[in-house]
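[1] Turn this into a structure:
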Amino acid sequence: MGSIDKQRLQREIADITARYQAAGYFPSACVRVFSSHETLAAAWVGDAREDAVFDMASVTKIATATQVLRLISAGRLSLQGKISDYLPPIAGDRYLNGRMAGITLFMLLTHTSTLAAWYPFYSRRGEDFYAVLRHALEHTEPTRGVVYSDLNFMLLGKLLEQVRGKPLDRCLREDLAEPLGLGVMTYLPDPTLPIIPSCYGNPIEERMCADRGVVFDGFRPRGVPVRGQVNDGNSWYYFSGVAGHAGIFADAPACERLCQYYMTADDALLIDAQRQQPGAPGRGLGLQTGVSYPHGCGHTGFTGTGIYFSREYDVGVVSLTNRLFYPGPNENGTWEFRRALHEAVFALAGRLGG
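    Residues are numbered from 1 along each chain as shown. Next comes the predicted model:
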């Protein structure tokens, strides 16, 4: 990266973050801008501070994908390997083995697996995962093309546990957070950490269940702030907070370090993961590509979190918010906020790279 006016960048980032908070897009936020080797700017508003810990929601998928990719690079897994070959309960179930025949790790990572986008596993809480998976697939139609699916990463989480022989929270800690020196990136966070509350109950999932005629009486009360419990219903109610698709809590510095790991990687697979994959428009290996990520890639989380980085232009942004933490409905998503951040950062810093 060439010379950059860090003071101007700092002002731009602080102004954008404060403006969107004032407009009611989120109560609290923490933003960091960085190159592959240093932090360039940071801003935080509301109850957040620099080390505030957020419910990462689906950004969890990037931690899961990174662990899978590292195992592939180490020769423990194959990108074109079939998930049924790695998970004995699938191979041992006639229906699952037939329905999931040919689904590879590549297909799970790129969301081209044919599996449904979502299913409320918690509506059958207490039943074995593979029994619920069979029920879900029996009651949903196969999809075509790219269909973003939590089920893909539930399975990748199960894969990590099977291959590594330990629970997923230990996989995250021992195989990713500690080796990469990420810092605070964890499932089931210590309540003494500066955790930002994420939501009031699960009103959106309540509506999703009602729309499907699904009955579940275990939802958290809508009027009580949720802090330190993952917002995602399947992760919290079914997986007890530890799942491959959602459940991780992290602070912005840890997210920055994970992005920098990709930005400085010399492993061919990790580099390729950042590019759009054949037959998967808008998808890398776990990561997302497209207009929201100028000359780069990233991922978002339902709670209002997001990461973006461009290896080509040596710049990245972590934007963590708690957009769901309003007592009533909030129609403002964080897509517009993230787009404004990414475009501003790229205009000021990105064009100096390449």
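
[2] count of neighbours near residue 267?
    Neighbour count of residue 267, defined by other Cβ atoms under 10 Å: 15. (Glycine included, C-beta is placed from N, CA and C.)

[3] wouldn't it be in contact with residue 73 here?
    Yes. Using Cβ atoms under 8 Å, residue 267 is in contact with residue 73, at 5.3 Å.

[4] Quick check, central residue of the chain?
    Computing the C-alpha centroid of the chain and ranking residues by Cα atoms, centre = their mean puts residue 59 first, at 1.5 Å.

[5] For residue 296, see how far away that one is.
    Separation of residue 59 from residue 296 (Cβ to Cβ, to the nearest Å) stands at 15 Å.

[6] Residue 260 now?
    From residue 260 to residue 296 the distance is 13 Å (Cβ to Cβ).

[7] Likewise for residue 304?
    From residue 304 across to residue 296, the span is 20 Å (Cβ to Cβ).

[8] How about the residue nearest to the centre of the chain: what's its closest non-neighbour residue?
    Counting by Cβ to Cβ, 6 or more residues apart in numbering, residue 301 is the residue found nearest to residue 59 once chain neighbours are left out, at 4.4 Å.

[9] Ok, residue 297 next?
    Sequence neighbours aside, residue 287 is the residue nearest to residue 297 in space, at 4.2 Å (criterion: Cβ to Cβ, 6+ apart).

[10] count of residues packed around that neighbour?
    By other Cβ under 10 Å, the residues close to residue 287 number 27.

[11] How about residue 98?
    Residues lying near residue 98 (other Cβ under 10 Å) number 9.

[12] So which residues make contact with the helix or strand that it is a member of?
    Element membership for residue 98, per DSSP states H and E: helix 94-99. Helix 94-99 is contacted by residues 84, 89, 90, 91, 130, 133, 134, 137, 138 when judged by Cβ atoms under 8 Å, 6 or more residues apart in numbering.

[13] Export these as CSV, with columns for pLDDT, distance to residue 308 and neighbour count.
    Shown next, in CSV, are the contacts of helix 94-99 (pLDDT from 0 to 100; distance: Cβ to Cβ, whole Å; neighbours: other Cβ atoms under 10 Å):
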residue, pLDDT, distance to residue 308, neighbour count
84, 98, 34, 21
89, 98, 36, 17
90, 98, 34, 23
91, 97, 38, 16
130, 98, 35, 16
133, 98, 32, 25
134, 98, 37, 20
137, 97, 33, 19
138, 96, 38, 10
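
[14] Show only the entries of the residues you listed found in helices.
    The helices, defined by DSSP state H, take in 84, 89, 90, 91, 130, 133, 134, 137, 138 from these.

[15] I figured the first one hits residue 103, correct?
    Put plainly, it is residue 84. Yes. Residue 84 is within contact range of residue 103, at 7.2 Å (criterion: Cβ under 8 Å).

[16] Show me where the stretch 201-350 of the chain has its helices.
    All helices of the stretch 201-350 of the chain, identified by DSSP state H, counting those that start in this stretch, fall at 203-211, 233, 252-264, 268-272, 335-348.

[17] how about the ones you listed, which one is nearest residue 240?
    helix 233 (12.2 Å; Cβ to Cβ).

[18] which ones are touching residue 264?
    Applying Cβ under 8 Å, 6+ apart to residue 264 gives the contacts 36, 37.

[19] any idea how far residue 303 lies from residue 230?
    Distance, residue 303 to residue 230, using Cβ to Cβ: 9 Å.

[20] shared neighbours of these two, anything?
    55, 57, 198.

[21] Look up how far residue 105 lies from the nearest residue to the last one once chain neighbours are set aside.
    Leaving aside its sequence neighbours, residue 198 sits nearest to residue 55 (Cβ to Cβ, 6+ apart; 4.2 Å). Residue 55 sits 27 Å away from residue 105, going by Cβ to Cβ.

[22] that older thread, next, work out how far apart the residue nearest to residue 198 and residue 121 are.
    Using Cβ to Cβ, residue 55 is found at 19 Å from residue 121.

[23] Compare these two and say which is more crowded by neighbours.
    Set residue 55 next to residue 121 and count neighbours by other Cβ under 10 Å: residue 55 wins out with 35 against 23.

[24] got any ranges where this protein has weak pLDDT?
    For the chain, the stretches flagged by pLDDT under 70 are 1-3, 350-354.

[25] all strands of it, in order?
    Here the chain has its strands, by DSSP state E, at 29-34, 39-45, 53-55, 185-186, 199-200, 225-226, 249-251, 297-301, 305-310, 315-321.

[26] Of those, which is nearest residue 111?
    strand 297-301 (11.5 Å).

[27] Would you mind listing the residues in contact with residue 201?
    219, 220, 221, 222, 223, 224, 226.
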